[in-house]
Structures are given as C-alpha cells and as structure tokens.
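Undergrad: predicted coordinates and the sequence they were generated for:
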There are 2 protein chains.
Amino acid sequence: MAFLHVLILVILSLNRYKNNKAMAEGSSGSEFTLDSIRKSLIRQEDTIVFCLMERAKFPMNSALYNQSLDLVPGFSGPLVDFIVQETEAVQAKAGRYVNPEENPFFPDNLPPSLVPNYNYSQVLHTGGASININKAIWDMYLNQLLPLFVVAGDDGNYASTAASDLSCLQALSRRIHYGKFVAEIKFRDAPHDYEPPIRAKDADELMKLLTDERVEKMVKKRVEKKAIVFGQDVSGSNNADSKHYKVDPSVVARLYDEWVIPLTKRVEVEYLIRRLN
Amino acid sequence: MAFLHVLILVILSLNRYKNNKAMAEGSSGSEFTLDSIRKSLIRQEDTIVFCLMERAKFPMNSALYNQSLDLVPGFSGPLVDFIVQETEAVQAKAGRYVNPEENPFFPDNLPPSLVPNYNYSQVLHTGGASININKAIWDMYLNQLLPLFVVAGDDGNYASTAASDLSCLQALSRRIHYGKFVAEIKFRDAPHDYEPPIRAKDADELMKLLTDERVEKMVKKRVEKKAIVFGQDVSGSNNADSKHYKVDPSVVARLYDEWVIPLTKRVEVEYLIRRLN
C-alpha cells in the first residue's frame, strides 16, 4: 500500500514535470510577462466583482464577526475566524499555499500539504516571496468594505456568509499580492531605474516609479463598468433592467481607489526594497 | 465561562426570535410565496453562471477526480471527495445544514452544528423535507457537465479548483432542491388538482401538472443571455468585446435543459408523492 502510494506520487510528478516543461517552453522560459500579468489582473477584477455580488445576497450577519461571542466551544474568537481557519487548513492539506500566488490569512499552525508538490515556476526573488499583508486586507474588508455594500440584518446563514467572505478575501488577497509579480517583472524590465532607490531604501521614490495615474484611472473606470454590467438584472427579454445593481458600482471603484491599488503598491514597494538582498 | 456561553446563546436566540417574528409578520405568516420563490430562483441563476465562469479559470485538473489515486494518506477516495467532505464538516459545525434549503453531498458522519440554531420558518412537509438527490447532481456535474466547459490540462491548483467545484455543486444543489419549496407552494395553491394523482401515486400525471413548457423555454433563454452578459470581456472603453465568453452560453442553456429543470421536477414529484403521508 505504501509502495503503491509512492509509485503514484512518482508517476504524478513525472507527468507534472512533463506538463510544466511544455508550458515553460511554450512561453520561452517563463509564463510571467507584463502582458500575462496584465491579463490575469483584469480577469481577477471580474472574480472580485462576482464575489462581492455573492456576499451581498446575505445581510451583515454581524454575530459572525463579534469578538466577544465565543460561539464555538473550545475556540476563542469570532465565528468567522473559526470557519476561515478551518477551511484554510483543509485547503492547505490540498496544497493551496504551495502556489506562490496564494497567501493564507492564518499562516500559524497551517498543516502541511498532503499532495505531491506541483512544480510552480519560481519567478519571485526569495527575499520578497514571503510578504503577506493579509492582516491589513482582513481589517479593511471586515471593518471598512463590508458595511459599504451589505444591508443590515441577520438571516442565520453564518456558514454560507463566511464561505462567501472567504472567497472575497482570497480574491482580494490574490489580487493585491500579485504586486510581487508586477514588481519583479518591472524590476527585470528596468533594473537601472530601480536599483538606486532600492539601494537607498527610498520608498517614496519607488512609489513614484510604480505609479501611473493614467492607468490607475482606467482601472477604476473599468471595475466600475464591470459592476454595472455584471450587477444588472438580466431578463429574458431584450431590455435588461439596468437601474438596480447587485453592488453599488461606485463602491467597487472606491474599493480599488482607496484599498486595492494602494495596498498593491505597498506590496510592490516592500518587495522591491528586499529585491537586492 | 459556561454560564456566560449559555447567556450569550439565550440573548442571541431571543434576538433571532424577534427578527424572525418581524420577518414572518411582515410577509403575512410566511416569507415563501410563489413570487418570492420565483425571485430567488432567478437570482440563483446568476450565482450558477458566476460559479461556472470561476471554475472555467482552471483546466480540468483530472488528478482531483481520479478514483485510483489515493493522494491523501489515510483517506480512501479521490482528492475532491476529501476536500468536499472536510469543507462540508466545517460548514456543518457553523450550522449550514440546519437551513432547510441546504443539503450536504456527504451527509454521513457530518458533525453537528456548534452554533445556536436559527429559527428557520418550517414550510416543508416533514415527509419530503429530507429528500436529497445530491448523488445524481454530483455525477452529472463531474462526469457530464465539467468536460463541456473546462479545458484539458493540469495547473496544480487542486485546492482552488475543488473549492470552485464545491461552489458550483452547492449552487446547483440549492437550485434543484428548491423544487421542494416550489412543490409545497404549488400544492397549497391548488390542493384539489394535486391530491388525486398523489393518492394514486401517479408520477406521470404529477410531472404533467408541474410542467409548463412556455416557462421552461423562457428560463433557458434567460440563462443563456446571462452567460452572454456576465461572460463578456468588459473593457474600460465603450465597446465591450462580446465575441469571447467565459463559458459557452449554449452550455448553460443545455445545463438547464438537460439537468437542472428535469432534476428539479424529479425533486418536486418525489416531494409531492410523500405530501399526504
């Protein structure tokens, strides 16, 4: 039985090695380019909008987040912490956090992956690969964002609501930590621009280099439009009712303006500061 | 500490009782009407389309579903079974399956809910409330639907893929088992029409009574349109690229035509057959 298990792992690893090699060769040594990253970021916008709209189906259900309600016997903390921690543990066993694009919200005491490691291409510099600002994302999401797009009330669906919260949190975390890949590719494209401020640990100068207001404006406009298009009530007839949206489009624009873009740049700067270590 | 816990539960329960009473009174004794059910079914269509589009981001990742790969030491079965079972266990502890609208895929050995029970309005007849056709939904989803909208390949994201599968499965299961509520309300609206075939255990006649081809055609047209609207690439400019969809809209229409509508009617018939027990 143990021999069979080892055999399976070997076959699977060989298979993955083959797949990965083909993939890597197909994109000349790396699947990360500025263009592939841009495409991924744009598709991730859709995911974020979908997740928020799904969370908006439930009212606030504030008992989930109550610090002083110890609802789960033997667990100290809000119910949402319990559900997210336990779900992350399941996903960790299935290898989620082996992928350098994924970052857990509760990294302490996560169980190890039980499945054979996939050979993810390692494009990140080791210094910055472990940056994890999920605490800031968690606080922003629960305390600032949620009240902007969720109605008051309690419908008892705590498990479904927390699962929906976790989807939102994971989508936002993935998007914001993608800043590591953006920073790496930008650095490789213009090392001479970035090296002086990195050596000087000049975060302001790095922030200036990374900021493109024209692009940021375009992104905010695009996510607002996505909230309009994806948030409409689609009827079977030709005229969709476009007056009611699942999530206020201006909230999605604000989410990007106040949090997603600044937090991504924070990740980029933190990454670059360590890039020459 | 134990006393405090009990006190919290009592306060929470009283609060919920108040909320629930207000809700029930606001909708004259029950929040389930044909109109409220219709609205919920329409909103659930959006959820199903969103879930499929999110699953389509990953390739097939067939190692997840392989019956003969025992990837998790000590667990016999495909990796997807492990992830779904473990995730359902977390959600069961948080009370998911206390809601009569939710049905687990692995009902055996589910842990009990650890949170105080929400006082869901009990509209279903006890005979049919426990109907669970998730085995059929699971088989349909994994063996027939998935290959229709997911590309071949293995990208190693098994945990994320399985989480996405679970979202699809839960959305489909909820939609199909909503047939219990549809059947109950239809029965209450016209008991004289339904009682004779129920007493005669005439499933064909019940199926005939429940079938409205005009409405079914409209639903299929509407979900196809949703896949077109929600599946488009939305750019920041005015002309969206409408040629490429995240999931082929005809697959969504087919999903409803071949599986969602027939399985819902199966639930409705099974429910009605037991309605007078």
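TA: Noted; the coordinates are in hand.

Undergrad: how close does A:Asn117 get to chain B?
TA: 8 Å (Cβ to the nearest Cβ, to the nearest Å). The C-beta positions use only the backbone N, C-alpha and C, and glycine is treated the same way.

Undergrad: what sits against that residue?
TA: Shown in contact with A:Asn117 (Cβ atoms under 8 Å, 6 or more residues apart in numbering or on different chains): A:Gly95, A:Val98.

Undergrad: how about A:Pro191?
TA: Applying Cβ under 8 Å, 6+ apart, no residues contact A:Pro191.

Undergrad: pull the number of nearby residues for the closest residue to A:Asp202 other than its chain neighbours.
TA: Counting by Cβ to Cβ, 6 or more residues apart in numbering or on different chains, A:Pro196 is the residue found nearest to A:Asp202 once chain neighbours are left out, at 7.9 Å. Using other Cβ atoms under 10 Å in any protein chain shown, the number of residues around A:Pro196 comes to 10.

Undergrad: tell me where the stretch 101-250 of chain A has helices.
TA: For the stretch 101-250 of chain A, helices defined by DSSP state H, counting those that start in this stretch occupy the ranges A:126-129, A:134-139, A:146-149, A:158-177, A:179-189, A:191-199, A:203-210, A:213-230, A:249-254.

Undergrad: which one of the ones you listed lies closest to B:Gln232?
TA: Closest approach to B:Gln232 among the helices of the stretch 101-250 of chain A is made by helix A:213-230 (7.2 Å; Cβ to Cβ).

Undergrad: starting at the chain centroid, how far to the closest one?
TA: 18 Å (Cα atoms, centre = their mean, to the nearest Å).

Undergrad: stretch A:203-214 now?
TA: 22 Å.

Undergrad: rewinding a little: mind putting the helices of the stretch 101-250 of chain A into TSV with mean pLDDT?
TA: Listed next are these as TSV, based on pLDDT from 0 to 100:
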stretch	mean pLDDT
helix A:126-129	94
helix A:134-139	98
helix A:146-149	98
helix A:158-177	98
helix A:179-189	97
helix A:191-199	98
helix A:203-210	98
helix A:213-230	98
helix A:249-254	98
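
Undergrad: and among those helices, the most buried is which?
TA: helix A:158-177 (a mean of 23; mean count of other Cβ atoms under 10 Å in any protein chain shown).

Undergrad: run the angle between it and helix B:158-177 for me.
TA: 140 degrees (axes from the mean of the first three to the mean of the last three Cα atoms, to 10 degrees).

Undergrad: who are the packing partners of helix A:158-177?
TA: Helix A:158-177 is packed against helix A:34-55, helix A:79-93, helix A:134-139, helix A:261-273, helix B:79-93, with contacts defined by 3 or more Cβ pairs under 8 Å, 6 or more residues apart in numbering or on different chains; DSSP states H and E.

Undergrad: and that helix, C-alpha only, in CSV?
TA: The C-alpha trace of helix A:158-177 is given here as CSV (Å, rounded to 0.1, in the frame of the first residue of the first chain):
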residue,chain,number,x,y,z
TYR,A,158,-23.4,32.2,9.0
ALA,A,159,-21.7,29.3,7.3
SER,A,160,-22.6,30.4,3.8
THR,A,161,-21.9,34.0,4.6
ALA,A,162,-18.4,33.2,6.0
ALA,A,163,-17.7,31.0,2.9
SER,A,164,-18.6,34.0,0.8
ASP,A,165,-16.4,36.3,2.9
LEU,A,166,-13.5,33.8,2.4
SER,A,167,-14.0,33.9,-1.4
CYS,A,168,-13.9,37.7,-1.3
LEU,A,169,-10.9,37.8,1.0
GLN,A,170,-9.0,35.2,-1.1
ALA,A,171,-9.7,37.1,-4.4
LEU,A,172,-8.6,40.4,-2.9
SER,A,173,-5.5,38.9,-1.3
ARG,A,174,-4.5,37.2,-4.5
ARG,A,175,-5.0,40.4,-6.5
ILE,A,176,-3.1,42.6,-4.0
HIS,A,177,-0.2,40.1,-3.5
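
Undergrad: leaving aside the residues next to it on the chain, what's closest to A:Ala136?
TA: Counting by Cβ to Cβ, 6+ apart, the residue nearest A:Ala136 is A:Leu263, at 6.5 Å.

Undergrad: what's the distance between that neighbour and A:Phe105?
TA: Counting by Cβ to Cβ, to the nearest Å, the separation of A:Leu263 from A:Phe105 is 14 Å.

Undergrad: do A:Leu114 as well
TA: Counting by Cβ to Cβ, the gap from A:Leu114 to A:Phe105 is 20 Å.

Undergrad: what about those two, which has more around it?
TA: A:Phe105 (19 against 16).

Undergrad: quick check: the more buried one touching A:Ser173?
TA: Yes - counting by Cβ atoms under 8 Å, A:Phe105 touches A:Ser173, with 7.3 Å between them.

Undergrad: who touches both of the two?
TA: A:Asn134, A:Ile137.

Undergrad: in JSON lines, list the helices and strands packed on helix A:158-177 along with distance to A:Leu64.
TA: Listed next are the helices and strands packed on helix A:158-177 as JSON lines, based on distance: least, Cβ to Cβ, whole Å:
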{"stretch": "helix A:34-55", "distance to A:Leu64": "12"}
{"stretch": "helix A:79-93", "distance to A:Leu64": "5"}
{"stretch": "helix A:134-139", "distance to A:Leu64": "13"}
{"stretch": "helix A:261-273", "distance to A:Leu64": "23"}
{"stretch": "helix B:79-93", "distance to A:Leu64": "13"}
